[in-house]
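S.K.: With the input below, show me the fold.
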Amino acid sequence: MADRPRDDRAHVGAHLGTVVVMGVSGAGKTTVGRLLAAGLGWRFEDGDDHHPEANLRKMADGIPLGDDDRRPWLRRLRDIIEDQLIQAARGTPGMVLACSALKQDYRLLLGVPRPGATLVHLSGSRELLEERLSDRRGHFMPTHLLDSQLETLEPPGSEALHVDVAEAPEALCRTIADHLGLPWYAPPATQPVHQENPR
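M.R.: Numbering: from 1, shown residues only. Sure thing, here's the model as predicted:
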């Protein structure tokens, strides 16, 4: 279900301000991230909401984003993370951020993981990811861009928690929270994953 490579990361909840949920399109970053945040009583930020309009147009037209397209977006997300860590140090509840973060260079630019900010990698089979993308409605990522994202992906190593998205979102949230030493309570009237837009 999950890879726990370093025991010393298992109980960091008391010092944690941000959880970054990463993965390719279709992995369920938004679904799991939103549900995780709700059960922790934290705020949720979807990295896709911070893309400039030019990036959204490219993705809607089936044009893969290049590094030059992503850098301003990643810097904006880094600023959000840094602000959240400052607020968390003052006692403000934490934040869950959904962001593809496909390359190591992207994660370095985001500054994750770092003290106070941990990284969760959602991964699954290509068949499952393609099925989820095909079921989407009203989202800008065409299914054929999945291959581009999988080619771009540089999976993190032991610095991240790796979770298989074949399981139900609630089970994934409990696994993540348990790994981080955080209490997680299922929100009422939780919707099944197929009713969400799993990013």
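S.K.: now the strands: where do they sit in the protein?
M.R.: All strands of the chain, identified by DSSP state E, fall at 2-3, 18-22, 43-46, 95-98, 117-123, 161-164.
S.K.: looking at those strands, which is closest to residue 106?
M.R.: The closest of these to residue 106 is strand 18-22. By C-beta to C-beta, the value is 8.9 Å. C-beta: built from backbone N, CA, C; applies to glycine.
S.K.: thinking again about what came up before, what would the strands of the chain look like in a markdown table with mean neighbour count, distance to residue 53 and mean pLDDT?
M.R.: Formatted as a markdown table, these follow (neighbours: other C-beta atoms under 10 Å; distance: least, C-beta to C-beta, whole Å; pLDDT from 0 to 100):
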| stretch | mean neighbour count | distance to residue 53 | mean pLDDT |
| --- | --- | --- | --- |
| strand 2-3 | 16 | 36 | 42 |
| strand 18-22 | 28 | 23 | 98 |
| strand 43-46 | 18 | 16 | 97 |
| strand 95-98 | 26 | 19 | 98 |
| strand 117-123 | 23 | 27 | 97 |
| strand 161-164 | 21 | 32 | 96 |
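S.K.: Same list (the ones you listed) but as JSON lines, adding distance to residue 151.
M.R.: What follows is the strands of the chain, written out as JSON lines (distance: least, C-beta to C-beta, whole Å):
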{"stretch": "strand 2-3", "distance to residue 151": "22"}
{"stretch": "strand 18-22", "distance to residue 151": "16"}
{"stretch": "strand 43-46", "distance to residue 151": "24"}
{"stretch": "strand 95-98", "distance to residue 151": "21"}
{"stretch": "strand 117-123", "distance to residue 151": "15"}
{"stretch": "strand 161-164", "distance to residue 151": "19"}
